[in-house]
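Peer 1: need a 3D model of the following:
(chains A and B)
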Amino acid sequence: MTTHRVSAFLAPRRRLRLAGLLTAPVLWLGLVYVVALSALLVTAFWTVDELTGQVQIEWTTENVVEVVTEALYRTVTLRTLGIAALVTVIDVLIAVPVAFFMAKVAGPRLRHLLVIAVLAPLWASYLVKVYSWRALLSSDGIIEWVLSPFGLHTPGYGIIGVVLALSYLWLPYVIMPIYAGFDRVPDRLLEASADLGGRGWRTLTAVVLPMIRPAIIAGSIFAFSLSLGDYITTGIVGGTTQMLGNLVYTNVGAANNLPLAAAISLIPIGIILVYLAAVRRTGALRSL
Amino acid sequence: MDSAIRLRGLHKRFGETVAVADLDLDIEPGEFFSMLGPSGSGKTTVLRCIAGFEQPTSGTVELFGADVTALAPFARPVNTVFQDYALFPHLSVIANVEYGLKVAGVARKERRARAEEALGQVRLAGLEDRRPHELSGGQRQRVALARAIVLRPQALLLDEPLGALDLKLREQMQVELKELQRSLGITFVFVTHDQDEALTLSDRVAVFDAGEVVQLGTPREVYDHPRNRFIASFVGSATLLEPEVAEALGLARAPMAVRPERVLLDAPAGGVPGTIAEVIYTGPEHRIVVDLDGLGARITALEPNIGAGHRRTRGDRVTVSVEPASAAPLEDEAA
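Peer 2: Model prediction:
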């Protein structure tokens, strides 16, 4: 009876209901997201006392200027961008045919199995997956064992290893939105295209791809932004390769320069904002 | 002359279910041909076999004398208007209509001219640059029509094209479809579950039930002489008379179907006496249900709404008669 009374009390009070529903999540979002992010941005304009290593609230643009002007940061930024772009392209190229097969070719049973298969790697720990790539890539690993009869060798630890491992890690995040995109293309449209004389290739390029373009972009946002911020994979299979994340990590830890780390981390944030602004026009953000 | 569409032994099974059972059918050039039946009766499957979206389990599909059973949809000289229109959502109206011409490699200028002509034929000029989601149901319907006829197919296949429209628009589109078919002079194959639509539009109607054609003929033949109970009750409304009742009414002693507008009340020659059980006012007419004395049967009559002169009410005594030529004997069924 009490629940009945509570709902009777709330039913006509729309604002109160809304407040009850939203207060907790909004507080959470506000604290964790906005405050933490703003703290980071603000820190970029502080300094570190060179003797004590303490962060001092002393306003300066020194860190940001250093990040923008020093060649090291430019090189690492370009390398990070290149890796992220390559990972994105590889993932999209793999994901489109896989997602097409899942959504349009496979029967319902096989489709469910494939969805589980695609999502299954997400249940394993990130570290386990990266270390398994380390084992694969090592000089006595499986890749070497398979390739050596053909006179080829494992790429070992370096940029190629990073690209391979990251492509593997983010693939499910790219397949799923593209799969959903294909799923939203009604079979009737494929029939209509065939009925009007369109063969398979024409139907693919003139009907299917334009319709799933937002889904492809949505998937690419995942692969691109996740790659941009990664540092653990680089540390494990990258050899001496450094990405922006590694520079941030070094400055937070070994170098103990939190303000500089914050300044460096502004770079990927900036890149992602530009990327999002560019894709916003395509309507892709609506299919995330 | 070859038939426009000739089906021989067309059989389609989905798993255990037989959708179409050994169908033979000839549709003539320039004919408005309807396939009428309840949902699941196999009519849409037949249409999809003609278009090439389904491969028959066995049997052949011939279009204008050529066996096309093995050909893909894009290689067949027919076009389809889909039930849900299946317009390309990312293309404008004009681009939708031009799609087939573009595939066929028609030059840009001619493409545009022909697409505009087709849009004119379906009375949809001026909306070329809209997207499908900006159109009303009726307008989408017209785009789908234009997209199909712009290719000048030898036959047009229409899968319940008016199903999603409201009544007023549907009636208007019926007239326009008929006019379009007459002016194009091509074969229309029209799938519908609406008996009214089939009767109004068609030169010939095939009535489908459980994967088979149970009656094939002109609308008049099918309506006036339904072959069995299913057709009598599915196409229009009818009172089914048991043999004894038919005999009492002066007809042959056999199961009969009689259309309500052919049932006469208080005819000068008299008839079977009865009591009015119900008077239903439908607007243009009164539907009068009569309990026939001593027969345990009911019969329905229609009388036009002639205004204040109509005075029949529940409980009135009347006599009921049926002209022998107005009743259709039904094939005796096992059931």
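Peer 1: any weak-confidence spans in the stretch 51-200 of chain A?
Peer 2: For the stretch 51-200 of chain A, applying pLDDT under 70 flags no range at all.
Peer 1: and the residue of it nearest chain B?
Peer 2: Closest residue of the stretch 51-200 of chain A to chain B, C-beta to the nearest C-beta: residue A:196 (3.6 Å). In this view, the C-beta of every residue, glycine as well, is placed from N, C-alpha and C.
Peer 1: tell me the residues of the stretch 51-200 of chain B that contact chain A?
Peer 2: Residues of the stretch 51-200 of chain B lying close to chain A by C-beta under 8 Å from any C-beta of the partner chain are B:51-53, B:72-74, B:79-80, B:82, B:84, B:86-90, B:99-100, B:102-104, B:147-148, B:151.
Peer 1: quick one: average confidence on the helix or strand hosting residue A:233?
Peer 2: Element membership for residue A:233, per DSSP states H and E: helix A:232-237. Helix A:232-237 shows a mean pLDDT of 90.
Peer 1: just the pLDDT at the residue nearest the centre of chain A, thanks.
Peer 2: With distances taken as C-alpha atoms, centre = their mean, residue A:226 lies nearest the centre of chain A, 2.7 Å away. With respect to pLDDT, residue A:226 scores 92.
Peer 1: quick check: the residue of chain B nearest chain A.
Peer 2: Residue of chain B nearest chain A, by C-beta to the nearest C-beta: residue B:100 (3.6 Å).
Peer 1: how about the contacts made by that residue?
Peer 2: Residue B:100 is in contact with A:196, A:197, A:198, B:79, B:147, B:150, B:151, counting by C-beta atoms under 8 Å, 6 or more residues apart in numbering or on different chains.
Peer 1: contacts only, for the residue nearest to it when sequence neighbours are not counted.
Peer 2: Counting by C-beta to C-beta, 6 or more residues apart in numbering or on different chains, residue A:196 is the residue found nearest to residue B:100 once chain neighbours are left out, at 3.6 Å. Residue A:196 makes contact with B:74, B:79, B:99, B:100, B:103, B:147, B:148, B:151 under the criterion C-beta under 8 Å, 6+ apart.
Peer 1: SS state for the fourth one?
Peer 2: Using DSSP: H, G, I helix; E, B strand; the rest coil, the structure places residue B:100 in helix.
Peer 1: in chain B, where is pLDDT below threshold?
Peer 2: Low-confidence segments of chain B (pLDDT under 70): B:1, B:309-310, B:332-335.
Peer 1: secondary structure class of the residue nearest the centre of it, three-state.
Peer 2: The residue lying closest to the centre of chain B (C-alpha atoms, centre = their mean) is residue B:198, at 2.5 Å. Of the three states, residue B:198 takes helix according to three-state DSSP.
Peer 1: hey, where'd the helices end up in the stretch 101-250 of chain A?
Peer 2: Secondary structure of the stretch 101-250 of chain A (DSSP state H, counting those that start in this stretch): helices located at A:108-119, A:126-137, A:142-147, A:159-183, A:187-195, A:200-203, A:209-228, A:232-237, A:244-252.
Peer 1: buried sites along the third one?
Peer 2: Buried residues in helix A:142-147, counted by 16 or more other C-beta atoms under 10 Å in any protein chain shown: A:143, A:144.
Peer 1: CA atoms of that helix as CSV?
Peer 2: What follows is helix A:142-147, C-alpha atoms only, in CSV (Å, rounded to 0.1, in the frame of the first residue of the first chain):
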residue,chain,number,x,y,z
ILE,A,142,53.9,-17.9,-33.0
ILE,A,143,54.2,-15.2,-35.6
GLU,A,144,57.9,-15.9,-36.0
TRP,A,145,57.2,-19.7,-36.1
VAL,A,146,54.5,-19.3,-38.8
LEU,A,147,56.4,-16.8,-41.0
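Peer 1: what does it contact?
Peer 2: A:135, A:136, A:137, A:138, A:153, A:154, A:155.
Peer 1: are any of those residues buried, and which?
Peer 2: With neighbours counted by 16+ other C-beta under 10 Å, the contacts of helix A:142-147 contain buried members at A:136, A:137, A:138, A:154, A:155.
Peer 1: quick check: the residue lying closest to residue A:131 once chain neighbours are set aside vs chain B, distance?
Peer 2: In space, and not counting its chain neighbours, residue A:131 is closest to residue A:236: 6.4 Å by C-beta to C-beta, 6+ apart. Remark: distance between residue A:236 and chain B (C-beta to the nearest C-beta, to the nearest Å) = 43 Å.
Peer 1: all helices for chain B, in order.
Peer 2: Assigned by DSSP state H, the helices in chain B fall at B:43-51, B:93-103, B:108-121, B:137-149, B:167-184, B:195-201, B:219-224, B:229-234, B:243-248.
Peer 1: can you count the residues close to residue B:2?
Peer 2: 13 (other C-beta atoms under 10 Å in any protein chain shown).
Peer 1: same deal with residue B:84?
Peer 2: Neighbour count of residue B:84, defined by other C-beta under 10 Å: 16.
Peer 1: contact partners for it?
Peer 2: Neighbouring residues of residue B:84 by C-beta under 8 Å, 6+ apart: A:186, A:188, B:164.
Peer 1: which of the residues you listed are buried?
Peer 2: Among these, those that count as buried by neighbour count (16+ other C-beta under 10 Å) are residue A:188.
Peer 1: just put the contacts of residue B:84 in TSV and tack on distance to residue B:15.
Peer 2: Formatted as TSV, the contacts of residue B:84 follow (distance: C-beta to C-beta, whole Å):
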residue	distance to residue B:15
A:186	23
A:188	22
B:164	29
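Peer 1: between the contacts of residue B:84, which sits nearest residue A:171?
Peer 2: Residue A:171 lies nearest to residue A:186 out of these, by C-beta to C-beta, at 26.5 Å.
Peer 1: do I have it right that that closest one meets residue B:86?
Peer 2: Yes: shown here, residue A:186 and residue B:86 form a contact pair, counting by C-beta atoms under 8 Å, at 7.0 Å.
Peer 1: all strands for the stretch 151-300 of chain B, in order.
Peer 2: Under the criterion DSSP state E, counting those that start in this stretch, the stretch 151-300 of chain B contains strands at B:155-159, B:187-192, B:204-209, B:212-217, B:239-241, B:256-258, B:263-265, B:272-281, B:285-292, B:297-304.
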